[in-house]
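[1] Below: sequence and its predicted model.
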Amino acid sequence: DVGSNLVQRKFETMRARRVNSDPYGFGQTSGGLAYHIEELRCELRGALFDEPLFLEGLAMGDASAVFPLIRFMLLRFSPMLSRLLVTERGYKLLGTSDLLFVEEVIRLARHELNIGDWHMLLTPEQMLAYGHAEHKVAFLVELTRHYRTKHLEMLRSCAAKGDLDSPARATRAAILQLCKTL
């Protein structure tokens with residue numbers, strides 16, 4: 001009985017320290033927002049994202065922390081795929097209002113990246129609002145994962161056709177030819 005009380009007090013002390021020193025739950029090992037943020041960090045590392053993450057903003061569901069990540073993936077990560085989506089497929093990702101941009105991103109995620117409807121738990125208005133952090137981060141993880149997969153498929157397709165030796169040597173003609181075949 002004394003031993004179990006000691007263990008219980010030690011557990012409560014550890015829990016209080018974790019809550020007080022880690023208000024956003026980044027120290028947790030699984031589940032929820034912390035898990036999705038760690039997944040996002042891993043996916044972005046694989047996408048060679050070298051800018052600092054605004055973790056507090058992501059944890060609060062701030063759209064100003066989410067938009068730069070979406071813009072990086074869709075517009076800067078893969079110039080070949082960006083060109084395909086913007087010029088060939090007609091997605092309006094540049095020069096639009098935030099609401100139209102979010103609507104285009106959701107449409108792109110559903111139609112081009114095959115992210116199922118169950119991931120789309122948020123409306124465009126909710127994506128722009130504060131909050132819904134876990135859903136926004138989970139969406140970012142799926143968007144990043146699917147976009148990277150699509151990029152790799154595109155590169156493999158080019159390499160198999162002999163259109164390019166390496167991604168760095170891709171010529172404009174080879175990229176445009178690939179865009180027409182996809």
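    The structure has been received and is ready for your questions.

[2] make it CA atoms for all contacts and neighbour counts henceforth
    Will do.

[3] measure residue 148 to residue 59 for me?
    24 Å (C-alpha to C-alpha, to the nearest Å).

[4] cool, residue 41 as well?
    13 Å.

[5] Helices along this protein, start to end?
    Ranges of helices in the chain, per DSSP state H, are 2-21, 32-46, 55-60, 63-71, 79-83, 98-111, 124-128, 133-161, 172-181.

[6] The ones you listed into a markdown table, with extra columns for mean pLDDT?
    Output for the helices of the chain, formatted as a markdown table (pLDDT from 0 to 100):
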| stretch | mean pLDDT |
| --- | --- |
| helix 2-21 | 50 |
| helix 32-46 | 90 |
| helix 55-60 | 92 |
| helix 63-71 | 92 |
| helix 79-83 | 88 |
| helix 98-111 | 89 |
| helix 124-128 | 89 |
| helix 133-161 | 87 |
| helix 172-181 | 52 |
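
[7] Format these as TSV; extra columns: mean neighbour count.
    Formatted as TSV, the helices of the chain follow (neighbours: other C-alpha atoms under 10 Å):
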stretch	mean neighbour count
helix 2-21	11
helix 32-46	18
helix 55-60	18
helix 63-71	17
helix 79-83	19
helix 98-111	17
helix 124-128	17
helix 133-161	19
helix 172-181	14
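
[8] got TSV for the ones you listed, with distance to residue 92 too?
    Converted to TSV, these look like this (distance: least, C-alpha to C-alpha, whole Å):
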stretch	distance to residue 92
helix 2-21	43
helix 32-46	23
helix 55-60	25
helix 63-71	12
helix 79-83	11
helix 98-111	7
helix 124-128	15
helix 133-161	17
helix 172-181	17
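
[9] I'd like to know which of these is closest to residue 91.
    helix 98-111 (6.5 Å; C-alpha to C-alpha).

[10] Just want the angle from that closest one to helix 133-161.
    60 degrees (axes from the mean of the first three to the mean of the last three C-alpha atoms, to 10 degrees).

[11] Just want the angle from helix 98-111 to helix 63-71.
    50 degrees.
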